[in-house]
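>>> Okay, here's the prediction I keep looking at, along with the sequence it came from:
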Amino acid sequence: MEIDRAQLAAFLRRRRELLQPEDVGLPRGQRRRTGGLRREEVAALCHMSTDYYARLERERGPQPSEQMVASIAQGLHLSLDERDHLFRLSGHTPPTRGTAGEHISPGLLRILDRLDDTPAEIVTELGETLRQSPLGVALTGDTTRHTGLARSIGYRWFTDPATRALYVADDHAFLSRMFASGLRELATLRGTGSRAAHCAELLREQSGEFRRLWDEHEIGIRPHEVKRFIHPEVGVLELNCQRLLDPDQSHSLLVYTAAPGSESHERLRLLSVIGTQSMRTTS
């Protein structure tokens, strides 16, 4: 396939013009003249330079890589059909759809973009964090930074002690059983050649605890209604977790809330302040 620079440029311009700042969690501001997003805003959403993105809209520059096209599709909040169209215009074959895909639906992104004051994250069925809200990062750290199988919280649970430090020690035994049970269900559902099965195989080699739990063949262990997190500055937070599922991609939006008037509610408010100050300090 060859890149269609003219149609690619036209498609990018039109999608940018249709998006409003509030659609992607950006403030509108008082001096905005353009009806849609500015090029520099789209470039930031797509994790690329403004110059690189501007050249694409002007039918110039090198052919974008598949990774770059995927980033543009996510930044512009494209649907799966629109994402596939963008890949073809860029001269690439669209990625295979299904449960292993990492393209987040525009609907889930729109909801997440409106959750600045709530810990939230979008995860794959294997527990890989694709996107977090600012308060989600403040609660657990940036869990999108991991690579390989370490992106999966279930894998990290048995291989990285730092992962367990985020949770109350009394819950560790239950969480170990839950992660092993969930991985067994997923590996059976997706088959022997799946990433879930590969993850289980590696964990059996690397963790005696996982190997013992795997051999128990427990199925159906579900998360508790309340999760207990430990934050180094505000202490223990008891948070309810609500899940919104995108069945097409098997992605879940997890939203963590505290009961109004509870100690955890006050600590979550304090975390919001601390998180905001930390971001200002590092920016």
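Sure, I can see it.
>>> from here on, contacts and neighbour counts on C-alpha atoms
OK.
>>> any idea of the mean pLDDT in the longest strand seen in the chain?
Of all the segments assigned as strand in the chain under DSSP state E, the longest by residue count is strand 235-246. With pLDDT averaged residue by residue, strand 235-246 scores 95.
>>> now the helix or strand just after that strand against strand 235-246, angle please.
On the C-terminal side of strand 235-246, the nearest following helix or strand under DSSP states H and E is strand 251-257. With axes from the mean of the first three to the mean of the last three Cα atoms, to 10 degrees applied, the angle from strand 251-257 to strand 235-246 works out at 150 degrees.
>>> Helices of the stretch 101-250 of the chain, residue ranges please.
106-113, 134-140, 153-159, 161-164, 172-190, 195-206, 208-214 (DSSP state H, counting those that start in this stretch).
>>> buried residues in stretch 237-244?
Residues of stretch 237-244 classed as buried by neighbour count (16 or more other Cα atoms under 10 Å): 237, 238, 239, 240, 241.
>>> er, stretch 77-93 actually
Across stretch 77-93, burial judged by 16+ other Cα under 10 Å covers 77-80, 83-92.
>>> cool, and stretch 3-11?
If you call a residue buried by 16+ other Cα under 10 Å, then stretch 3-11 has these buried ones: 3, 5, 8, 9, 11.
>>> Can you pull up the most central residue in the chain?
Residue closest to the mean C-alpha point of the chain, counted by Cα atoms, centre = their mean, is residue 130 at 1.9 Å.
>>> so that residue makes contact with residue 102?
Yes - at 7.3 Å, residue 130 counts as touching residue 102 under the criterion of Cα atoms under 8 Å.
>>> what is in contact with these two at once?
Shared contacts of residue 130 and residue 102, defined by Cα atoms under 8 Å, 6 or more residues apart in numbering, comprise residue 124.
>>> circling back to that earlier point, how about a markdown table for the buried residues of stretch 237-244, with distance to residue 269 added?
As requested, the buried residues of stretch 237-244 are arranged in a markdown table below (distance: Cα to Cα, whole Å):
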| residue | distance to residue 269 |
| --- | --- |
| 237 | 11 |
| 238 | 13 |
| 239 | 13 |
| 240 | 15 |
| 241 | 17 |
